[in-house]
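Trainee: I would like to see how this sequence folds:
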Amino acid sequence: MQILKYRSRNKSVYVLEELLVGLGYSVVVSNYFGRDTDVAVKDFQSHNKLVINGIVGPKTWSKLYVVHQQFTAFNNKLLSENDLQDFAKTYNLELPVVKAVNEIESNGKGFLLEGRPRILFEGHVFWRELVKRKINPLTLVTPYSNNVIYEKWTKRHYEGGNRT
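Mentor: Numbers count the residues shown, from 1 in each chain. From the prediction side, this is the model:
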């Protein structure tokens, strides 16, 4: 894993934030190490007798993995090269296409830390498909469906990480 700090922006930040959420921290899971993540990292470091500097280096990564009770489930669920090759062969797809979908839709992991599959639900696509089938999406919108069905894509619909 890479060394991360406030304002880092990469895929390792996503993993860090998933771990923090799994440990009960309230952070937005994304590829950006924002203020919420900085506060959570410093709190984690404080509670685990690490240097409190907000930098996620080898010691903090190691402690995060040790403390995270479900790391084994995550580790056993990583998709291998063989998994991707088998999938491509089974469904008669080009391997680079399968790899691209795996990388973009699941950050290359395929599974959340606790072992459930990572699924990116596209509410705007759902909306468009309903319209194609002559179903009025507005009849399905409720106060609880705002991140499941919506007409236009915006980043606010993507909560990231472990959501039910």
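
Trainee: Low-confidence regions, the chain specifically.
Mentor: For the chain, the stretches with pLDDT under 70 are 69-78, 107-110, 112-116, 157-164.

Trainee: and residue 37, how many residues sit next to it?
Mentor: 26 (other C-beta atoms under 10 Å). In short, each C-beta sits where N, CA and C put it, glycine included.

Trainee: oh sorry, the question was meant for residue 61
Mentor: By other C-beta under 10 Å, the residues close to residue 61 number 18.

Trainee: Who are the contact partners of the closest residue to it other than its chain neighbours?
Mentor: Spatial nearest neighbour of residue 61, chain neighbours left out: residue 1 (5.0 Å); criterion: C-beta to C-beta, 6 or more residues apart in numbering. Going by C-beta atoms under 8 Å, 6 or more residues apart in numbering, residue 1 touches 12, 15-16, 56, 61.

Trainee: Just name the closest of those residues to residue 138, please.
Mentor: residue 15 (37.8 Å; C-beta to C-beta).

Trainee: host element of that closest one?
Mentor: Using DSSP states H and E, residue 15 sits in helix 11-22.

Trainee: Which of the residues in that helix are classified as buried?
Mentor: Neighbour counts using 16 or more other C-beta atoms under 10 Å place 12-22 of helix 11-22 among the buried residues.

Trainee: Let me have those residues in a markdown table, adding distance to residue 95 as columns.
Mentor: Listed next are these as a markdown table, based on distance: C-beta to C-beta, whole Å:
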| residue | distance to residue 95 |
| --- | --- |
| 12 | 25 |
| 13 | 28 |
| 14 | 24 |
| 15 | 24 |
| 16 | 29 |
| 17 | 30 |
| 18 | 27 |
| 19 | 30 |
| 20 | 34 |
| 21 | 32 |
| 22 | 31 |
